[in-house]
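Asker: predicted model follows, preceded by the sequence.
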Amino acid sequence: MEIVTITEARRRLDGALPSYEAKIEYVTPNQALGRITARDITAACDYPPYRKSPFDGYAIHSHDGNAYEVVATIGAGIVYDGPVAAGQAVRLMTGCAVPDDCDTVVPQEYVERQGNHIRVTESIPPGSNIIPKGEECRSGAVIIPAGTKLTAGALSVAVGLGNERLPVYAKAKVLFLTSGRELVLPGEVRHHGQIYNSNAYLFQPLLEQYGAEVTFYHVSDGPDQLADEMAAVRRLARDKDLIVSTGGVSVGLYDTMPQIYQSLGAVQLYDRITMRPGSASYGGVIETDGRRTLILGLSGNPSASFNAFHLLAVPILRRLNGERNSEFPVVTCHLGEAIYKKNPVDRFVQGRLTYEQGQPIFTPNTTLTSSALLGLAHTNALAYIKKGTPPLPKGAPIEVIFL
Ligand SMILES: Nc1nc2c(c(=O)[nH]1)N[C@H]1C(S)=C(S)[C@@H](COP(=O)(O)OP(=O)(O)OC[C@H]3O[C@@H](n4cnc5c(N)ncnc54)[C@H](O)[C@@H]3O)O[C@H]1N2
Ligand code: MOO
């Protein structure tokens, strides 16, 4: 058995990551949310692309005096390209291209109109109220640098500057496995001794949230099925960057995941981690024809595997997907409730980070066992408690990983 610290487990996994030249693909903006840009995205046009009116009002060709004749009316999207002589005006709406001959826009509130004639009631300096072409950026400027995670805001900028295809890193391909005859999916009959496969609904969405393209398969762990299931896992693992499994990694008779990985030719990186919860954990790597597939065999216990997923799988997924920063932010908080647990090894306590009167407070979950399930409904942070730390009173300062 090879027991390592969480830091060492991460170091070994990191070292086994392929020197990853993530593949680049061009996707439509609809497919790009959350993806990482693989190249700089540039403006395909000036912004704004024309001299623009910021008001509903009148574009004037200013002259001495305050009286104008209205020669046309346009809405946004309609262009008036006829002449506008000194003393003439074009009625226009917010967002209109200001006719070339006009030098000023007068908001309609500052105008009295009679028939086709207006009188400007305020003093508006010539040149006022026109947003210049290219005020915010010029065509060709870098608007989103390579390595940026595309948020809704970034997508709106890319689209707003005329980009129809965006260069992003290809999604990491992940094989996700659950294991155990005790597990049933929603819609199946749950017999005595069985539980719902809650981890399927924990990790498939988490993997997708962290940018993976996920293939799901369930390993029953029944001895009679083992050969067939090994073959199925081998077939499904072929084109994957990462395998994440939950369950079947401890020392029980039917904990078959390490055996399955061995049959795929995996080199084991570790098979236990000195942390609570989540010590039952297997790391490995398969190398075939120059292609590497990392393996994370997580515990079946929900809280244990949730922690190990965030500490081990998320940094790998971020790296595979081209993200430059692979770490969660760490916030120093005060404890909202005492943690009475002893800490013979490093501990990661699940809980909730909130702000009270501007101060970050970490409130640990009620049940802190590795099999605890209910706290996952609201967990947004993990408090790190170093090996040997005595029980911590309410109010104690604590380092918290904000998920
Ligand atoms: N004699 C020993 N027994 C155990 C040890 C040990 O060192 N010696 N380690 C314990 C620790 S720590 C943990 S954690 C568990 C880990 O076991 P496995 O990773 O092999 O997981 P399973 O045995 O398959 O399942 C554990 C537990 O979790 C439930 N489970 C499994 N999969 C799911 C799922 N997809 N959704 C919800 N719940 C799941 C399963 O029913 C079990 O109750 O081993 C200890 N034992
Ligand atoms: O992996 Mo077990 O708690 O150490 O949950």
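Answerer: Sure thing, it's come through. Ligands and ions are numbered 1, 2, ... in the order given.

Asker: spell out which parts of the stretch 251-400 of the chain neighbour ligand 1.
Answerer: 251-252, 255, 279-280, 299-302, 304, 370-371 (Cβ under 6 Å from any ligand atom). From N, CA and C alone the C-beta is placed, and that goes for glycine too.

Asker: which of these sit farthest apart?
Answerer: Pairwise distances across those peak at 19.3 Å for 251 and 302 (criterion: Cβ to Cβ).

Asker: higher neighbour count, these two?
Answerer: In terms of neighbours (other Cβ atoms under 10 Å), residue 302 is the more surrounded of residue 251 and residue 302; the figures are 21 against 9.

Asker: now the more buried one: phi and psi?
Answerer: Geometry field for residue 302 lists phi and psi as phi -60, psi -50, criterion degrees, to the nearest 10.

Asker: beta partners for the residue of the stretch 1-150 of the chain found nearest ligand 2?
Answerer: At 11.3 Å from ligand 2, residue 3 is the closest residue in the stretch 1-150 of the chain, using Cβ to the nearest ligand atom. With DSSP bridges applied, residue 3 shows beta-bridge pairing to residue 272.

Asker: that one reaches residue 281, doesn't it?
Answerer: No. The pair formed by residue 3 and residue 281 falls short of the contact definition of Cβ atoms under 8 Å, at 10.0 Å.

Asker: overlap in contacts, the two.
Answerer: When contacts are counted by Cβ atoms under 8 Å, 6 or more residues apart in numbering, residue 3 and residue 281 are jointly contacted by 270-273.

Asker: just among these, which is most surrounded?
Answerer: Counting neighbours by other Cβ under 10 Å, residue 273 comes out on top of the shared contacts of residue 3 and residue 281 with 27 neighbours.

Asker: ok, residue 3 and residue 281, which is more surrounded?
Answerer: When neighbours are counted by other Cβ under 10 Å, residue 3 and residue 281 differ, and residue 281 comes out ahead with 26 against 14.

Asker: where does the protein get nearest to ligand 1, residue-wise?
Answerer: Using Cβ to the nearest ligand atom, the closest approach of the chain to ligand 1 is made by residue 300 at 2.5 Å.

Asker: can you tell me what sits against stretch 59-79?
Answerer: The contact list for stretch 59-79 (Cβ under 8 Å, 6+ apart) reads 53, 58, 80, 82, 84-99, 101-106, 113, 116-121, 126.

Asker: kindly recompute the last result at 6 Å.
Answerer: In this structure, residues lying in contact with stretch 59-79 by Cβ atoms under 6 Å, 6 or more residues apart in numbering are 80, 84, 86-93, 95-99, 101-105, 116-120, 126.

Asker: how about stretch 110-117?
Answerer: Contact partners of stretch 110-117, identified using Cβ under 6 Å, 6+ apart, comprise 58, 69-70, 118-122.

Asker: repeat for stretch 323-339
Answerer: Counting by Cβ under 6 Å, 6+ apart, residues outside stretch 323-339 touching it are 36, 147, 315, 318-319, 349, 360-364, 392-402.

Asker: show only the entries of these found in strands.
Answerer: The strands, defined by DSSP state E, take in 349, 360-364, 397-402 from the contacts of stretch 323-339.

Asker: part of a helix, is residue 307?
Answerer: Yes. Judged by DSSP: H, G, I helix; E, B strand; the rest coil, residue 307 forms part of a helix.

Asker: now the buried members of the residues of the stretch 251-400 of the chain next to ligand 1.
Answerer: The neighbour count (16 or more other Cβ atoms under 10 Å) marks 255, 279-280, 299-302, 304, 370 as buried among these.

Asker: can you tell me how far residue 160 is from residue 7?
Answerer: Counting by Cβ to Cβ, to the nearest Å, the gap between residue 160 and residue 7 amounts to 44 Å.

Asker: and for residue 177?
Answerer: For residue 177, the distance to residue 7 (Cβ to Cβ) stands at 26 Å.

Asker: and what of residue 190?
Answerer: Taking Cβ to Cβ as the measure, residue 190 falls 40 Å from residue 7.

Asker: okay, domains of this structure per the record?
Answerer: 3-23+170-320, 25-41+144-169, 57-120, 330-402 (automatic domain parsing).

Asker: so how far does the third one reach from one end to the other?
Answerer: The reference is to domain 57-120. Domain 57-120 has an end-to-end distance of 11 Å (Cα to Cα, to the nearest Å).

Asker: show me what the mean pLDDT comes to for that domain.
Answerer: In this model, domain 57-120 carries a mean pLDDT of 97.

Asker: start the count at 56 instead of 1 going forward.
Answerer: Taking 56 as the first residue, the last one we looked at is domain 112-175.

Asker: and that domain, how far out from the chain's middle?
Answerer: In this view, domain 112-175 has its centroid 47 Å away from the chain centroid, taken as Cα atoms, centre = their mean, to the nearest Å.

Asker: one more: the shortest one?
Answerer: In this view, domain 80-96+199-224 has its centroid 13 Å away from the chain centroid, taken as Cα atoms, centre = their mean.
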